[in-house]
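Novice: The following block contains a protein sequence and its predicted model.
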Amino acid sequence: MSSAYVRLRSALYRPWLLATIAAVGCAVLLLSASFGLVVHQVQQTEIEQMNARGERFLNRLEQIFGQLRESVDLLDEQALRGCNPAMITALQQVGFDNRFVYDAAYNDGQQRCSSRPGESDGSELRAPDIKGPTYSYWLNTTTQPDDNLAALRLGRGPFTVSTSRGHLTDVVDLAPGGSLLVVLDRGKRAVPVLGPVQPWPPTRDWPPPSQQPLVVTRDNLVYRMFTKSPDYQLVLIAPRTSLLPKMNGALWALFPASLLLAWSVGWMVLQLVRERRSLSAELQGALRRNELKVLYQPIFDLTSRRCVGAEALVRWRRPDGTLTSPDLFIPMAENTGQIREITDFVLQQLLEQLGQLLRANPHLYISVNLAACDVMVPRIGRVVARLLAQHRVAAHQIAFEVTERGLIDVVVARDNLQALRDVGHQVLIDDFGTGYCSLAYLQTLPVDCLKIDKAFIDALGHDAASSGVAPHIIRMAHALQLRVIAEGIELEAQALLLTSEGVNYGQGWLFAHPLNAHQFTELVTRGRRLAGRRIDDEA
Ligand code: C2E
Ligand code: CA
Ligand code: CA
């Protein structure tokens, strides 16, 4: 966290700006999510429709080929050969008897005739698309968009029978521009049975390796229907533009809903920030009206149980007597930059209240919590130097606690912390173990002491999973020749366990609650141990 970042955070801390950012961010997120959802749903529908079309088509194809086979078998089995009136009658009879037969034709190489003289006599037939041992197949014998033209033709011996395009299209409602293709030669060739000729293959690496039936290309949706025969596959192609109109309707419904939700989020952020802002304005007044107080939570030598120092903790008691937790106003003050004023206030108060005590007890120290923005600039060094000189207190009697959160820009923090150490202050890492300060970072930081977070102390003797963490931190600190302070000790058993692990110092309700300056002075001068009541509530 650099000073630029801290400045940016203060600059961004404006209700309307934050609300707008939240609303726009939310709108973008919701709209893209809605769009993704709609595309997904439309594609799902498309897949289902294509699947249904494919199945209908396969069924119809089976019916048609069944009739065509029966008809051509019948013609081939009868004795008539050559083109004569009897042959024409026979061919026409086949057409009458079979619904799907559009045209029956005879062609022995010399003579050609058909049940529909003048329309098609089979004379212009190209080589069959599929040539089997008994039957030959022509898949699309015409490219004319007329429903009644022959689309499929089946041949046996000199006879061929065909079905009309209409018998296929009445079950398959192809999308405009779409085609139904039979893919032959292991994916290399595709013949349209319905619809226009399509560029083939539809993708460079056709057939695709996946078993997914739907393949989405830049322009088309390609739906593969796997048949039992390895010789051919059926493919439906629909242009992708057909997605758009379908999407439009769904998007129109989601668009206002997303905007409404985004607006609500923005409004809520506005209220929240205004609330915090009013808290920040109140805090400003509290600083002016002297509503902030500093308490001191004693720190003890765990073996001798003597008080060696204290941690300065700020309190905000409003005129009506209510106490606002520092956990609530300190993070807000960090955002608004008011924390600098608080830090200065704490330093000033502690030296005014305890200056004499510190001068009389040169080994006693008070540690002060620093926020990230205090660590990122050298300002605090100048402030404390002026106050120390004014109160004639030694620099080693003021320690500074920095959290791992405040050490994001380690390089900048390192220089400022080193400067504080150079003049004699101690530097402590607070809440150790809850952040992301790695061992490698720790080694490079100018630090004297680690404060183990209360969460790890709480777990001692209770939670098997995390109770192992504190001893690890202690061993690590010792290996790095750092002192350890355990915070939040509430039970004697915890104090004993920590002592046996080699922890020298501790603070917590077992020994004392945060005390006001008078109580703390008494504790030090008379060596009294206070416990039990939360004395800070009376501050
Ligand atoms: P912190 O620095 O970790 O302070 C220790 C907190 O633990 C204090 O809460 C203290 O009253 C509490 N505590 C100490 N012993 C025990 C115990 O045995 N049991 C329990 N349950 N709690 C214990 P407090 O005073 O409410 O402060 C909360 C946090 O507010 C502090 O955590 C610190 O991060 C911040 N804070 C307080 N004063 C200042 C300040 O002057 N400047 C800055 N920058 N932050 C401050
Ligand atoms: Ca602290
Ligand atoms: Ca702490």
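Specialist: Looks like it came in fine. Ligands and ions are numbered 1, 2, ... in the order given.
Novice: Skipping its backbone neighbours, what lies nearest the residue of the stretch 151-300 of the chain found nearest ligand 2 in space?
Specialist: As assessed by Cβ to the ion, ligand 2 sits closest to Gln297 within the stretch 151-300 of the chain, at 9.0 Å. Bear in mind the C-beta positions are built from the backbone N, C-alpha and C, glycine included. Distance criterion Cβ to Cβ, 6 or more residues apart in numbering; nearest residue to Gln297, sequence neighbours excluded, is Pro514 at 4.2 Å.
Novice: sorry, back to before: can I assume the residue of the stretch 151-300 of the chain closest to ligand 2 sits in a strand?
Specialist: Yes. Judged by DSSP: H, G, I helix; E, B strand; the rest coil, Gln297 forms part of a strand.
Novice: And for it, the neighbour number?
Specialist: Counted with other Cβ atoms under 10 Å, the neighbours of Gln297 add up to 21.
Novice: For it, give me its contacts.
Specialist: When contacts are counted by Cβ atoms under 8 Å, 6 or more residues apart in numbering, Gln297 touches 310-311, 313, 507, 512-515.
Novice: List just the nearest of those residues to Gln418.
Specialist: Glu311 (22.4 Å; Cβ to Cβ).
Novice: that older thread, filter the contacts of Gln297 down to the buried ones and hand me the ChimeraX line.
Specialist: Those of the contacts of Gln297 that count as buried under 16 or more other Cβ atoms under 10 Å are selected in ChimeraX with:
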select :310,311,313,507,512,513,514,515
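Novice: Tell me which entries of the contacts of Gln297 lie within helices.
Specialist: Mapping the contacts of Gln297 onto helices (DSSP state H) picks out no residues; all lie outside.
Novice: Can I get the contacts of Gln297 in CSV including pLDDT?
Specialist: Converted to CSV, the contacts of Gln297 look like this (pLDDT from 0 to 100):
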residue, pLDDT
Ala310, 98
Glu311, 98
Leu313, 97
Gln507, 96
Ala512, 95
His513, 95
Pro514, 95
Leu515, 95
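Novice: Show me which of the contacts of Gln297 is closest to Glu501.
Specialist: Among the contacts of Gln297, Gln507 lies closest to Glu501 (Cβ to Cβ), at 16.4 Å.
Novice: Tally up the residues packed near the closest residue to the closest one other than its chain neighbours, please.
Specialist: Once flanking residues are discounted, Gln507 sits nearest to Ile299: 4.6 Å by Cβ to Cβ, 6+ apart. Under the neighbour criterion other Cβ under 10 Å, Ile299 is assigned a count of 26.
Novice: if we look at the sheet, which residues does the residue of the stretch 151-300 of the chain closest to ligand 2 bridge to?
Specialist: Assessed by DSSP bridges, Gln297 has beta-bridge partners Glu311.
Novice: for Gln507, same thing?
Specialist: Glu487.
Novice: what's near enough to touch it?
Specialist: Residues in contact with Gln507 (Cβ under 8 Å, 6+ apart) are 297-300, 311, 485-489.
Novice: check the residues you listed against ligand 1, which are close?
Specialist: Among the contacts of Gln507, the residues lying close to ligand 1 (Cβ under 6 Å from any ligand atom) are 297, 487-489.
Novice: what separates Val38 from ligand 3, distance-wise?
Specialist: 49 Å (Cβ to the ion, to the nearest Å).
Novice: what does the chain have sitting close to ligand 3?
Specialist: 430-431 (Cβ under 5 Å from the ion).
Novice: interface residues of the chain facing ligand 2?
Specialist: So the chain meets ligand 2 at 369, 401, 430 (Cβ under 5 Å from the ion).
Novice: hmm, try it at 8 Å
Specialist: Applying Cβ under 8 Å from the ion, we find that the chain lies next to ligand 2 at 311, 313, 367, 369, 401, 403, 428, 430-431, 451, 487.
Novice: Mind putting the residues you listed into a markdown table with secondary structure and distance to Trp206?
Specialist: A markdown table is the format used below for the residues of the chain next to ligand 2 (DSSP: H, G, I helix; E, B strand; the rest coil; distance: Cβ to Cβ, whole Å):
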| residue | secondary structure | distance to Trp206 |
| --- | --- | --- |
| Glu311 | strand | 72 |
| Leu313 | strand | 72 |
| Ser367 | strand | 72 |
| Asn369 | strand | 67 |
| Glu401 | strand | 66 |
| Thr403 | strand | 59 |
| Leu428 | strand | 67 |
| Asp430 | strand | 63 |
| Asp431 | strand | 60 |
| Lys451 | strand | 65 |
| Glu487 | strand | 67 |
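Novice: Only whichever of the residues you listed are buried, select them in PyMOL.
Specialist: Buried residues within these, by 16+ other Cβ under 10 Å, are selected in PyMOL with:
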select buried, resi 311+313+367+369+401+403+428+430+431+451+487
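Novice: Run through the residues that contact the residue in the stretch 201-350 of the chain that ligand 3 sits nearest to.
Specialist: Distances between the stretch 201-350 of the chain and ligand 3 by Cβ to the ion are smallest at Glu311, namely 8.2 Å. Neighbour list for Glu311: 296-297, 299, 366-367, 369, 401, 507, 514 [criterion: Cβ under 8 Å, 6+ apart].
Novice: For the residues you listed, name the two members farthest from one another.
Specialist: Farthest pair in the contacts of Glu311, by Cβ to Cβ: Glu401 and Pro514, 14.3 Å.
Novice: Please identify which of the contacts of Glu311 is nearest to ligand 1.
Specialist: Ranked by distance to ligand 1 (Cβ to the nearest ligand atom), these are led by Asn369 at 3.5 Å.
Novice: Closest one to Thr45 out of the contacts of Gln297, please.
Specialist: Checking these against Thr45 with Cβ to Cβ, the nearest one is Leu313 at 62.2 Å.
Novice: State the distance from that closest one to Pro213.
Specialist: 67 Å (Cβ to Cβ, to the nearest Å).
Novice: go on, Leu364?
Specialist: 79 Å.
Novice: Same check on Ile330?
Specialist: For Ile330, the distance to Pro213 equals 59 Å [Cβ to Cβ].
Novice: Over to His391?
Specialist: His391 sits 82 Å away from Pro213, taking Cβ to Cβ as the criterion.
Novice: Now do the helices in the stretch 51-200 of the chain.
Specialist: In the stretch 51-200 of the chain, the helices defined using DSSP state H, counting those that start in this stretch lie at 85-97, 165-169.
Novice: weakest of the ones you listed by average pLDDT?
Specialist: Ranked by mean pLDDT, the helices of the stretch 51-200 of the chain bottom out at helix 165-169, which scores a mean of 77.
Novice: Now do the buried residues in that helix.
Specialist: 165, 167-169.
Novice: again, but for stretch 294-305
Specialist: 294-300, 302.
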